[in-house]
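Peer 1: My questions concern the predicted model and sequence given below.
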Amino acid sequence: MIKLNDILSIEDLSDFRIRFVLSWGQDTEQNPLERYRNNPDDPIRHYLWRGNKSTGFKVGTKVIGLIRLSGDNWLLTHVLEITQVKEVSESMALPSIDDQLHYWYDARPLEAFEKYFGRVIVNFHNTSQNLIRLPETIIDQMEVVEILSNRFSERDFPGYANVTVSWSQLHQIISRNNREWRTALQNQKGIYLITDTKSGKQYVGSAYGANMIWGRWQDYVLTGHGGNEEFKKLSFEYIKQYFQYSILEIADGKSSDKYIFERENWWKQALLSRKFGYNLN
């Protein structure tokens with residue numbers, strides 16, 4: 001196991017805090033990853049957000065900022081040092097997240113850690129509701145699961161464990177023949193999940209034929225239903241609006257089709273997609 005501090009090598013953690021970000025502002029539907037992809041400095045707004053005016057950081061406090069990718073996986077985007085604490089009156093109106101970047105604090109990125117920004121993915125199950133944690137209590141539980149070759153905001157393919165795309169996003173990827181996505185998906189057999197975000201119903205599928213996952217998902221972009229009888233009962237417009245695609249498990253292209261079929265059945269049983277979803281067999 002490689003732990004987060006094996007990478008950061010911070011000897012004295014006393015001035016550091018770890019800040020987790022789950023969502024953006026009051027709108028939990030906003031995807032932090034999409035905002036980060038559009039503006040890599042956007043997470044700073046949340047790392048410097050206090051939420052009330054009675055507690056907060058001091059000058060010299062260093063903030064390790066992470067946004068959630070999926071599940072218990074988090075992306076390190078910044079390590080900041082607070083350089084100024086602003087004087088804020090109780091009578092002053094609280095700004096929105098988007099307007100308050102320097103409302104309470106000024107901060108600077110720490111140059112020693114910039115090479116890791118947007119590249120280090122850690123796994124950690126935060127059992128506390130507190131999203132600001134003391135590093136010495138949790139950093140030894142934070143396992144580095146991947147170091148990306150490029151910053152997440154600069155690359156298209158986010159890693160197999162973090163693929164979650166809408167139909168329109170998938171259509172854009174396929175129609176543009178995105179090289180990074182194609183390279184990643186056409187060489188991997190695997191089990192994928194289609195989720196109807198309106199009804200909550202799920203469909204577990206497998207890919208082991210020509211072009212593997214890439215080839216299978218091309219069918220969904222072309223027809224919407226990909227040959228699935230339950231999907232054929234839905235309009236293409238419904239599918240375009242509500243369907244979401246993700247990867248449950250990948251396997252080497254040399255894995256037997258029998259193994260893939262067995263794993264597909266296991267996921268159908270685990271997710272009860274035959275009883276409550278779109279799987280018929």
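Peer 2: Sure thing, it's come through. Residues are numbered from 1 along each chain as shown.

Peer 1: Going by neighbour count, list what's buried in the helix or strand that contains residue 83.
Peer 2: Taking DSSP states H and E as the criterion, the element that holds residue 83 is strand 73-85. Going by neighbour count (16 or more other C-beta atoms under 10 Å), the buried part of strand 73-85 is 73-82. The way it works is simple: take the backbone N, C-alpha and C, and place the C-beta from them, glycine included.

Peer 1: counting contacts, what elements does that strand pack onto?
Peer 2: Contacts defined by 3 or more C-beta pairs under 8 Å, 6 or more residues apart in numbering; DSSP states H and E place strand 73-85 against helix 32-38, helix 44-47, strand 62-70, strand 105-109, strand 120-123.

Peer 1: Show me what the helix or strand containing residue 222 is packed up against.
Peer 2: Secondary-structure assignment from DSSP H and E places residue 222 in helix 212-223. In this structure, helix 212-223 makes packing contacts with helix 167-175, helix 179-185, strand 188-196, strand 202-207, strand 243-252, judged by 3+ C-beta pairs under 8 Å, 6+ apart.

Peer 1: For residue 119, which of those is the nearest?
Peer 2: Closest to residue 119 of these is helix 179-185 (C-beta to C-beta; 15.5 Å).

Peer 1: How about residues contacting that closest one?
Peer 2: In this structure, residues lying in contact with helix 179-185 by C-beta atoms under 8 Å, 6 or more residues apart in numbering are 155-157, 160, 173, 211-214, 217.

Peer 1: redo that, cut-off 6 Å
Peer 2: Contacts to helix 179-185, defined as C-beta atoms under 6 Å, 6 or more residues apart in numbering, come from residues 156-157, 173, 213-214.

Peer 1: in the helix holding residue 222, what counts as buried?
Peer 2: Neighbour-count burial for helix 212-223, with 16+ other C-beta under 10 Å as criterion, is recorded at 212-214, 216-221.

Peer 1: Considering these, which is situated nearest to residue 143?
Peer 2: Taking those together and measuring to residue 143 by C-beta to C-beta, the closest member is residue 213, at 26.2 Å.

Peer 1: Residue 190 is in contact with the closest one, correct?
Peer 2: Yes. Between residue 213 and residue 190 there is a contact at 5.3 Å, judged by C-beta atoms under 6 Å.
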